[in-house]
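[1] Prediction below, plus the sequence it came from.
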Amino acid sequence: MLTNISTVLRACAQRNGAAAVVSARNYADFTSQATFEIKKSDVFKLDEAPATEVVMTRDEGLQYYRTMQTMRRMELKADQLYKQKIIRGFCHLYDGQEACAVGIEASIKPTDHLITAYRAHGYTLTRGGTVKEIMAELTGRRGGIAKGKGGSMHMYCKNFYGGNGIVGAQVPLGAGVALACKYKGSDELCVCLYGDGAANQGQIFETYNMAALWKLPVIFICENNRYGMGTSVERAAASTDYFKRGEFIPGLRVDGMDILCVREATRFAAEHCRSGKGPILMELQTYRYHGHSMSDPGVSYRTREEIQEVRSKSDPISLLKDRLLSNNMASVEELKEIDVDVRKEIEDAAQFATTDPEPPLEELCNHIFSNNPPVEVRGTNPWAKLKSVS
Amino acid sequence: MATSLKCLLRSGKEAAAAPAVGDANRDLAAIQVTVRDALNQALDEELERDERVFLLGEEVAQYDGAYKMGFTGIAVGAAMAGLRPICEFMTFNFSMQAIDQVINSAAKTYYMSAGQQPVPIVFRGPNGASAGVAAQHSQCFAAWYAHCPGLKVVSPWNAEDARGLLKTAIRDDNPVVFLENELMYGVPFEMSEESLSKDFTIPIGKAKIERQGAHITLVSHSRMVGHCLDAAAVLAKEGIDCEVINLRTIRPLDVECIEGSVMKTNHLVTVEGGWPQFGVGAEICARVMEGSAFNYLDAPVTRVTGVDIPMPYAKILEDNSVPQIKDIIFSVKKTLGV
């Protein structure tokens, strides 16, 4: 109803000119864009830094809000379904870190590439997966983004290489994707994410070395949410300046709870890569509300007060909402409408995810090899000869 | 920038050093080519044929380095993004450090993604015992890799195998583990004109009967195939006629070929350089038992394998740690009960 009024009033304004606008109700009277002062990123081996004065349009703001809210509600629904035992196995939730995924996507192109570790539902969404197919993958149904065969940690879509279960393994993979980009002569880059836990791994340093040597167009991003499983960064790392750990790779340390900081830093990093300067490292300081996974309550190694403090002072969705409202870029009702919309989308997706049938047994052995004639696969006993097609 | 990276990755150091097969030689029906040269020529040709093919690894091109897990992961990532890397390990022993990338990032991905993400990559390098390199550099990885669904595992013996299988492996859209043998690199073999043509490929998953025989079947792969043929020559003088099968591919195993042969000869001996437990021979035994050839066996299958110990250094110990021709002859006679 509110949108209708707004449409009508806009139409009126167009017909009657300025005088009519002044006398109309101001649902149509939002600021179309505003400039924001954001926190300066710490830099390492860089002469310049990302801008601290940035512009956000109303449309952008609403889109970021909607996406982050969708991500938040999707993860909370996953929490619910997990507790009902409808989702099984591993489930690493992303709530609290939304500004990272949405901010990054805002500054890269769909033709760019991205790879991350197992806390991947948010990225699957930003990279083009739908809530429906993400949830159906979590519940292991045939409508899942990987037909139910991958699960939480193995979701893929175009230019998104998962979803990787082995800590740190995705980092060399990401550099390899970047190598392919450079090799093909395109201006595409690869965003390659890992956590504070993985940051101490050997293969990451091997990757830094080769990426720097070959000037690969890769943005290494350390999502530092302060805890590697149950170990705080102070107990895990001799140096917690993750943005400096690339040593010979320039670095940025960014407020990962502020979507505009993330967006601006990513824009800066992408330009660095596309201009042929080689890799760059971004540390996003962020926070996860849930434990490491659904089997970790997340309160044995940190206090509830800490979690609550982050929620009340630094929640990424609240920060954005405040900005939109205080700059007259959106109304409370409008945002509530989006919330209602999102809630419905999640409910519909959950409904699908809980009613869609499981994958058919006939497809058990499929997808072993690509572009291969059908093969026979041994079943559980010598007489069980199963079929596998590409 | 992009072109120089491309050049770097497509100019194998070995490829540059390989002597070209001259036009004059091509007119001959057969010429002698070492396994090393066969591999290099195949690499050269495949690099030329497809721009997406490139080399990566330890001591490859101009990049001298040993960053195993890193470069293996990089190679797999490049394959995911549409290139066709050939990832070289100095020996497969080093692949143990990178094995997570081979298995979890390469082998399983097509399945986990339900067919969305193929990984067209070849992992190649010398496998198994060499000479005097001791325990940490002598392990055979055929059984380790052949255990895993999602991988194809090939093990060429001669120059023709090397050439044909490498071309097929590079053209395959799936991860292929290509197990070479250091002691075979310098061995020359006659190669027919057909096998020297640019599109000569050998299908993965098909064994080759190197020697026809009536009394007993010897199944082997890689260097041991030569040992089996040598043993067969000696046994022939004593009236024992051996059929020698060169597996060529470990996974998928050409069980049909083995069964067909056993149904003819009624006796089977497997010969491998690797350790006995849970190995290639063990798998062959299990498969023969489960199939039609079991009822044709006149004796249990015999496995000839490496000794179940880490490889020692001293020459006399090393020589006695892998199957020798006399071990094969002994096992054949025992199996035949003569």
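    That came through fine. Residues are numbered from 1 along each chain as shown, chains lettered A, B, ... in the order given.
[2] any idea how far the residue sitting nearest the centre point of chain A lies from chain B?
    Among the residues of chain A, the one closest to the centroid is A:Ala101, at 2.7 Å (C-alpha atoms, centre = their mean). Counting by C-beta to the nearest C-beta, to the nearest Å, the separation of A:Ala101 from chain B is 20 Å. Placement of C-beta: from N, CA and C, glycine included.
[3] Neighbours of the nearest residue to A:Pro382 once chain neighbours are set aside, how many?
    Spatial nearest neighbour of A:Pro382, excluding adjacent residues (C-beta to C-beta, 6 or more residues apart in numbering or on different chains): B:Glu290 at 3.9 Å. A count of neighbours around B:Glu290, defined by other C-beta atoms under 10 Å in any protein chain shown, yields 14.
[4] Quick check, B:Glu290 in contact with A:Asn381.
    No: using C-beta atoms under 8 Å, B:Glu290 makes no contact with A:Asn381, being 9.1 Å away.
[5] Now do the helices in the stretch 1-150 of chain A.
    Taking DSSP state H, counting those that start in this stretch as the test, the helices found in the stretch 1-150 of chain A are A:2-16, A:18-23, A:58-83, A:98-106, A:121-126, A:131-138.
[6] ok, of those helices, where does mean pLDDT dip lowest?
    Sorting the helices of the stretch 1-150 of chain A by mean pLDDT places helix A:18-23 lowest, at a mean of 39.
[7] Make a markdown table from the helices of the stretch 1-150 of chain A and add distance to B:Met184 to it.
    Output for the helices of the stretch 1-150 of chain A, formatted as a markdown table (distance: least, C-beta to C-beta, whole Å):
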| stretch | distance to B:Met184 |
| --- | --- |
| helix A:2-16 | 75 |
| helix A:18-23 | 86 |
| helix A:58-83 | 54 |
| helix A:98-106 | 50 |
| helix A:121-126 | 46 |
| helix A:131-138 | 46 |
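[8] Those: which one's closest to A:Ser295?
    Closest of the helices of the stretch 1-150 of chain A to A:Ser295 is helix A:58-83, at 9.4 Å (criterion: C-beta to C-beta).
[9] Quick check: buried residues in the closest one?
    A:58, A:60-62, A:64-75, A:77-79, A:81-82 (16 or more other C-beta atoms under 10 Å in any protein chain shown).
[10] for stretch B:184-203, how far is the first residue from the last?
    Stretch B:184-203 has an end-to-end distance of 21 Å (C-alpha to C-alpha, to the nearest Å).
[11] For chain B, tell me which of the buried residues of helix A:58-83 show up nearby.
    Of the residues in those, proximity to chain B by C-beta under 8 Å from any C-beta of the partner chain holds for none.
[12] Run through the neighbouring helices and strands of the helix or strand hosting B:Gly281.
    Element membership for B:Gly281, per DSSP states H and E: helix B:280-290. Applying 3 or more C-beta pairs under 8 Å, 6 or more residues apart in numbering or on different chains; DSSP states H and E, one finds that helix B:280-290 contacts helix B:142-146, helix B:255-265, strand B:268-271, strand B:302-304.
[13] Now distance to chain A, mean pLDDT and mean neighbour count too, for the ones you listed, in a markdown table please.
    Output for the helices and strands packed on helix B:280-290, formatted as a markdown table (distance: least, C-beta to the nearest C-beta, whole Å; pLDDT from 0 to 100; neighbours: other C-beta atoms under 10 Å in any protein chain shown):
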| stretch | distance to chain A | mean pLDDT | mean neighbour count |
| --- | --- | --- | --- |
| helix B:142-146 | 13 | 98 | 23 |
| helix B:255-265 | 10 | 98 | 20 |
| strand B:268-271 | 18 | 98 | 27 |
| strand B:302-304 | 20 | 97 | 22 |
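[14] and the stretch 51-200 of chain B, which residues reach chain A?
    Contacts of the stretch 51-200 of chain B with chain A, taken as C-beta under 8 Å from any C-beta, map to B:54, B:67, B:69-83, B:85, B:100-101, B:104-105, B:109-120, B:149-150, B:152, B:173-174.
[15] ok, of these, which come out buried?
    Applying 16+ other C-beta under 10 Å to those flags B:54, B:67, B:69-81, B:83, B:85, B:100-101, B:104-105, B:109-120, B:150, B:152, B:173-174 as buried.
[16] Counting neighbours, show which residues of the helix holding B:Gly281 come out buried.
    B:280-285, B:287-288.
[17] Show residues contacting that helix.
    By C-beta atoms under 8 Å, 6 or more residues apart in numbering or on different chains, the residues outside helix B:280-290 that reach it are A:382, B:142-143, B:146, B:219, B:221, B:247, B:250, B:253, B:255, B:258-259, B:262, B:268, B:270-272, B:274, B:276, B:294, B:297, B:301, B:303-305.
[18] mean confidence for it?
    98.
[19] can you give me the angle that helix makes with helix B:255-265?
    Going by axes from the mean of the first three to the mean of the last three C-alpha atoms, to 10 degrees, helix B:280-290 is angled at 70 degrees with respect to helix B:255-265.
[20] Any idea how far helix B:280-290 is from the middle of the chain?
    Offset of helix B:280-290 from its chain centre (C-alpha atoms, centre = their mean, to the nearest Å): 19 Å.
[21] Using PDB, write out every CA atom in that helix.
    Listed next in PDB are the C-alpha coordinates belonging to helix B:280-290 (Å, rounded to 0.1, in the frame of the first residue of the first chain):
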ATOM      1  CA  VAL B 280      47.800 -53.800  -7.200                       C
ATOM      2  CA  GLY B 281      48.200 -57.600  -7.000                       C
ATOM      3  CA  ALA B 282      45.800 -57.800  -4.000                       C
ATOM      4  CA  GLU B 283      43.200 -56.000  -6.100                       C
ATOM      5  CA  ILE B 284      43.700 -58.300  -9.000                       C
ATOM      6  CA  CYS B 285      43.300 -61.300  -6.800                       C
ATOM      7  CA  ALA B 286      40.000 -60.000  -5.400                       C
ATOM      8  CA  ARG B 287      38.600 -59.100  -8.800                       C
ATOM      9  CA  VAL B 288      39.600 -62.500 -10.300                       C
ATOM     10  CA  MET B 289      37.900 -64.200  -7.300                       C
ATOM     11  CA  GLU B 290      34.700 -62.200  -7.900                       C
END
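[22] got a list of what the closest residue in space to the residue nearest to the centre of chain A that isn't next to it in sequence touches?
    Spatial nearest neighbour of A:Ala101, excluding adjacent residues (C-beta to C-beta, 6+ apart): A:Gly122 at 4.0 Å. Neighbouring residues of A:Gly122 by C-beta under 8 Å, 6+ apart: A:71, A:75, A:94, A:97-98, A:100-102.
[23] Any chance of JSON lines for the residues you listed, columns distance to B:Phe189?
    Below are the contacts of A:Gly122 laid out as JSON lines (distance: C-beta to C-beta, whole Å):
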{"residue": "A:Met71", "distance to B:Phe189": "61"}
{"residue": "A:Glu75", "distance to B:Phe189": "61"}
{"residue": "A:Tyr94", "distance to B:Phe189": "57"}
{"residue": "A:Gln97", "distance to B:Phe189": "59"}
{"residue": "A:Glu98", "distance to B:Phe189": "62"}
{"residue": "A:Cys100", "distance to B:Phe189": "57"}
{"residue": "A:Ala101", "distance to B:Phe189": "56"}
{"residue": "A:Val102", "distance to B:Phe189": "60"}
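[24] out of the residues you listed, which one sits closest to A:Glu137?
    A:Glu75 (13.8 Å).
[25] got the contact list for the closest one?
    A:Glu75 touches A:93-95, A:121-122, A:290, counting by C-beta under 8 Å, 6+ apart.
[26] That one and A:Gly143: what is the separation?
    With distances taken as C-beta to C-beta, to the nearest Å, A:Glu75 is found 19 Å from A:Gly143.
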